[in-house]
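Asker: only geometry, no sequence info:
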Ligand SMILES: NC(=O)c1ccc[n+]([C@@H]2O[C@H](COP(=O)([O-])OP(=O)(O)OC[C@H]3O[C@@H](n4cnc5c(N)ncnc54)[C@H](OP(=O)(O)O)[C@@H]3O)[C@@H](O)[C@H]2O)c1
């Protein structure tokens with residue numbers, strides 16, 4: 001039987017100021033749901049930082065526990081598909097947004113949100129990947145499904161030292177693509193090369209300031225995690241029939257571009273949403289992540305903390321100073 005109380009990172013709002021603290025909460029404060037999961041690990045994603053700092057559009061009501069990812073063990077379920085002791089992963093849906101999230105020792109959710117932990121991953125390695133790895137994998141699958149092959153040319157990854165970026169570099173390289181990693185922090189070039197990048201360029205080398213609607217085609221595909229002028233430049237420098245995936249907005253949510261790359265080069269812009277994916281898509285992407293022999297490379301880009309140490313990583317991400325992935329070891333027993 002689970003304990004009656006559990007520890008959680010709780011964000012509280014007072015006069016427009018958002019404060020975070022680890023608190024002890026009663027189990028019956030969790031929302032309704034047919035399955036109770038004891039969380040082993042969670043991870044920090046950009047959306048968690050936004051939720052934890054009161055960004056409008058992510059979380060409507062506080063107090064709130066963020067955490068869009070969780071990996072743990074089923075302790076109680078009304079679902080015929082689950083047994084006590086099953087190891088499961090949940091990412092996205094409403095977890096951590098307006099449903100109490102993974103920065104807590106327990107979550108209560110619908111069984112439909114859960115996927116079984118695939119063979120080849122542990123609860124810890126699954127959360128080194130988390131939503132960032134799932135999103136990077138969906139981007140890779142989108143590029144492959146669109147028919148872009150490694151021999152078609154280099155693939156650009158923007159925001160390469162970030163969570164999605166670093167995992168995209170690794171997954172694309174393992175799939176045989178020639179990866180160019182663009183970063184604002186060239187001191188991390190060694191890490192990106194070890195993940196599998198063929199070349200590391202400065203973030204602003206992606207920019208094509210001429211403003212011309214088409215510039216020399218370089219990229220067979222792009223995994224863009226930052227948006228704004230970087231995405232616009234990447235689209236204009238994509239080769240004929242190339243694919244540009246778009247998942248993030250760290251630089252800007254705005255895209256000011258022209259239709260010419262799309263109608264003269266057949267460039268395809270592929271939006272990536274990781275939160276609302278079908279079960280089959282989830283099983284496919286997690287299955288693919290489980291086949292990657294990530295081992296030491298994944299650990300090198302992962303920093304682990306407990307619930308108590310999470311606050312400083314949220315702040316670092318807010319300042320754009322985070323590197324790689326932050327895994328949260330929630331179950332400290
Ligand atoms: N669509 C989805 O389902 C989905 C899922 C996951 C994440 N996302 C989004 O994807 C984006 C990245 O998420 P993440 O978890 O990887 O975040 P992250 O770990 O904070 O990484 C973001 C990276 O962007 C780069 N960057 C930071 N500030 C920048 C700026 N002002 N201009 C250009 N680049 C900048 C940095 O990399 P360098 O220093 O290496 O350049 C940074 O490491 C976020 O917008 C997030 O919301 C979307």
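Answerer: All right, it came through fine. Remember, predicted model here, so these are calculated numbers, not experimental data.

Asker: give the rounded mean pLDDT of stretch 36-45.
Answerer: Per-residue pLDDT values across stretch 36-45 average out to 97.

Asker: I should have written stretch 166-178 there, sorry.
Answerer: Rounded mean pLDDT across stretch 166-178 is 96.

Asker: is that stretch up against the ligand anywhere?
Answerer: No. Judged by Cβ under 6 Å from any ligand atom, stretch 166-178 stays clear of the ligand, getting no closer than 7.8 Å. C-beta here means a position set from N, CA and C on the backbone, and glycine is covered the same way.

Asker: buried stuff in that stretch?
Answerer: Across stretch 166-178, burial judged by 16 or more other Cβ atoms under 10 Å covers 166-175, 177-178.

Asker: how about low-confidence regions in the stretch 1-150 of the chain?
Answerer: 1-2 (pLDDT under 70).

Asker: show me what counts as buried in stretch 81-93.
Answerer: 82, 86-93.

Asker: for the stretch 151-300 of the chain, which residue gets nearest to the ligand?
Answerer: residue 162 (2.0 Å; Cβ to the nearest ligand atom).

Asker: so how far is residue 44 from that residue?
Answerer: Counting by Cβ to Cβ, to the nearest Å, the gap from residue 162 to residue 44 is 11 Å.

Asker: more crowded one of those two?
Answerer: residue 44 (31 against 26; other Cβ atoms under 10 Å).

Asker: which neighbours do residue 162 and residue 44 have in common?
Answerer: Here residue 162 and residue 44 have residue 322 as joint contacts, going by Cβ atoms under 8 Å, 6 or more residues apart in numbering.

Asker: about what we covered before: kindly reformat the buried residues of stretch 166-178 as CSV containing secondary structure.
Answerer: CSV is the format used below for the buried residues of stretch 166-178 (DSSP: H, G, I helix; E, B strand; the rest coil):
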residue, secondary structure
166, helix
167, helix
168, helix
169, helix
170, helix
171, helix
172, helix
173, helix
174, helix
175, coil
177, coil
178, coil
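
Asker: what is the neighbour count of the nearest residue to residue 27 once chain neighbours are set aside?
Answerer: Spatially, and ignoring its direct neighbours in sequence, residue 27 is nearest to residue 4 (5.6 Å; Cβ to Cβ, 6 or more residues apart in numbering). Using other Cβ under 10 Å, the number of residues around residue 4 comes to 8.
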